[in-house]
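Novice: sequence first, predicted coordinates after that:
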Amino acid sequence: MNTHWREQKERSNRFMLTLLAWLALRLGRRFMTLLLHPVVFYFLLTATAARRASRQYLARALGRKPGWLDLWRHFYTFAMVSVDRLFFLSGRCDNYQIQVNGAELFQRYASRKQGCILLVSHLGSFDVMRVPAVKEHDLPIRILMDRHHNSRAAELIDALDPELAAAIIDPNQPAPVLALTLDRAIKNGELIGIMADRAGHDERVMNCEFLGGQANFPVGPWLLGLILKAPVILCFGLYQGGNRYQLNFELLTERLSAPRRQRDAEIAQAMGHYAHRLEHYISQAPYNWFNFYDFWLDKTSADH
């Protein structure tokens with residue numbers, strides 16, 4: 001049985017995160033790109049579980065046995081995207097080159113004040129979407145995020161982007177209150193960002209074919225889509241090296257709808273399409289996948 005990602009030992013602490021944030025925002029991105037080399041080298045040598053997960057994933061994504069250079073690129077891409085998150089959250093975005101595909105979707109829904117569900121993932125950066133979405137299209141974004149299990153991420157957002165912090169919707173509130181909050185957000189024309197590739201503890205999952213194997217994906221985002229009856233948009237923010245990102249928006253469906261007895265079939269179909277598009281973007285940027293845990297139900301070879 002695969003180990004749940006929350007059971008892995010935390011590799012960072014508040015002091016280290018605070019220090020890195022302080023260094024990045026005061027000394028700049030160029031300094032951080034140099035500092036990351038010894039940091040990545042250290043974690044590559046010591047983070048055994050993450051290294052094993054990286055090998056398992058890269059073997060599927062690259063179609064060959066990954067070498068140490070592949071592992072390095074995977075870890076370094078994750079580190080660079082993590083650093084860029086500090087700049088995105090603090091509003092320091094002017095020096096980035098961001099290519100946006102599919103922005104017309106938001107023009108369509110904004111014109112009629114239609115809220116949408118925005119499905120994001122741990123592929124690349126989900127923070128980069130706020131730059132064009134908020135600044136150019138003036139779209140309010142809410143994030144569905146468990147503050148308890150993402151306490152350090154929540155603290156970072158609190159410190160760097162209080163406006164976004166105030167827009168977080170915590171799912172650990174009474175179900176009627178949560179349903180009312182989400183429904184109101186959709187009716188107000190807001191985007192609700194939800195992670196669709198990683199299940200929470202005890203969250204219902206469904207098995208799906210992904211990168212030549214079987215993996216569990218959370219059912220929750222799709223149930224919300226059925227309940228809220230809102231358009232579902234996929235978002236993939238790929239890091240392309242240097243200061244370049246490619247942000248891709250795709251409409252999955254105008255509305256998820258199915259009788260109660262057919263909901264599982266509807267969810268399975270939508271989830272399969274999502275996994276297929278995830279595979280498509282992984283093929284474009286294989287080192288952008290940041291689920292460093294035992295993701296697949298069937299195993300591939302890994303180092304020990």
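Specialist: Received, thanks. Numbering: from 1, shown residues only.
Novice: make it CA atoms for all contacts and neighbour counts henceforth
Specialist: Fine.
Novice: how about the strands in the stretch 51-200 of the chain?
Specialist: 97-101, 116-120, 141-144, 168-169, 191-195 (DSSP state E, counting those that start in this stretch).
Novice: so what does the second one touch, helix or strand wise?
Specialist: Based on contacts counted as 3 or more CA pairs under 8 Å, 6 or more residues apart in numbering; DSSP states H and E, the elements that strand 116-120 packs against are strand 191-195, strand 232-239.
Novice: make a markdown table from those and add mean neighbour count and mean pLDDT to it.
Specialist: Formatted as a markdown table, these follow (neighbours: other CA atoms under 10 Å; pLDDT from 0 to 100):
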| stretch | mean neighbour count | mean pLDDT |
| --- | --- | --- |
| strand 191-195 | 22 | 91 |
| strand 232-239 | 24 | 95 |
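Novice: quick one: contacts of stretch 172-191?
Specialist: 109-110, 113-118, 139-142, 146, 169, 171, 192, 228, 230 (CA atoms under 8 Å, 6 or more residues apart in numbering).
Novice: reformat the helices and strands packed on strand 116-120 as JSON lines; add distance to Thr253.
Specialist: Formatted as JSON lines, the helices and strands packed on strand 116-120 follow (distance: least, CA to CA, whole Å):
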{"stretch": "strand 191-195", "distance to Thr253": "15"}
{"stretch": "strand 232-239", "distance to Thr253": "5"}
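Novice: buried among the contacts of stretch 172-191? Need that as a selection in PyMOL.
Specialist: Only the buried entries of those go into this PyMOL selection, using 16 or more other CA atoms under 10 Å:
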select buried, resi 110+113+114+115+116+117+118+139+140+141+142+146+169+192+228+230
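Novice: got the strands of the stretch 51-200 of the chain as CSV, with distance to Pro286 columns?
Specialist: Formatted as CSV, those follow (distance: least, CA to CA, whole Å):
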stretch, distance to Pro286
strand 97-101, 18
strand 116-120, 17
strand 141-144, 26
strand 168-169, 30
strand 191-195, 19
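Novice: closest one to Leu234 among the ones you listed?
Specialist: strand 116-120 (4.9 Å; CA to CA).
Novice: would you give the sheet partners of the closest one, along with the direction of each?
Specialist: Counting by DSSP bridges, the strands paired with strand 116-120 are strand 191-195 (parallel), strand 232-239 (parallel).
Novice: all the helices of the stretch 51-200 of the chain, residue numbers only.
Specialist: 68-89, 104-111, 130-135, 151-160, 162-166, 175-187 (DSSP state H, counting those that start in this stretch).
Novice: before we move on, what about the stretch 201-304 of the chain?
Specialist: Assigned by DSSP H, counting those that start in this stretch, the helices in the stretch 201-304 of the chain fall at 220-228, 263-284.
Novice: output the below-cut-off pLDDT ranges for the stretch 151-300 of the chain.
Specialist: Scanning the stretch 151-300 of the chain for pLDDT under 70 picks out the ranges 151, 299-300.
Novice: how near is the most far-flung residue of the chain relative to its centre to Ile157?
Specialist: Computed with CA atoms, centre = their mean, the residue of the chain farthest from its C-alpha average is Arg261, at 30.4 Å. Distance, Arg261 to Ile157, by CA to CA, to the nearest Å: 40 Å.
Novice: can you point me to the longest strand in the chain?
Specialist: With secondary structure taken from DSSP state E, the chain has its longest strand at strand 244-253.
Novice: mind listing what's buried in that strand?
Specialist: Neighbour counts over strand 244-253 (16+ other CA under 10 Å) mark 245-250, 252 as buried.
Novice: of these, which is the nearest to Leu19?
Specialist: Tyr245 (25.5 Å).
Novice: which residues does that closest one contact?
Specialist: Tyr245 is in contact with 96-99, 128, 237-239, counting by CA under 8 Å, 6+ apart.
Novice: got a list of what Glu254 touches?
Specialist: 230-232.
Novice: just the closest of these to Leu89, please.
Specialist: Distances from Leu89 to these, taken by CA to CA, are shortest for Val232, at 24.4 Å.
Novice: need the contact list for Leu86.
Specialist: Leu86 touches 21, 24-25, 160, counting by CA under 8 Å, 6+ apart.
Novice: so Leu234 makes contact with Leu252?
Specialist: Yes: with contact defined as CA atoms under 8 Å, Leu234 reaches Leu252; the gap is 6.5 Å.
Novice: what residues are shared contacts of these two?
Specialist: Counting by CA under 8 Å, 6+ apart, the residues touching both Leu234 and Leu252 are Tyr274.
Novice: count of neighbours near Glu203?
Specialist: 11 (other CA atoms under 10 Å).
Novice: leaving aside the residues adjacent along the chain, what's closest to it?
Specialist: Once flanking residues are discounted, Glu203 sits nearest to Pro218: 6.8 Å by CA to CA, 6 or more residues apart in numbering.
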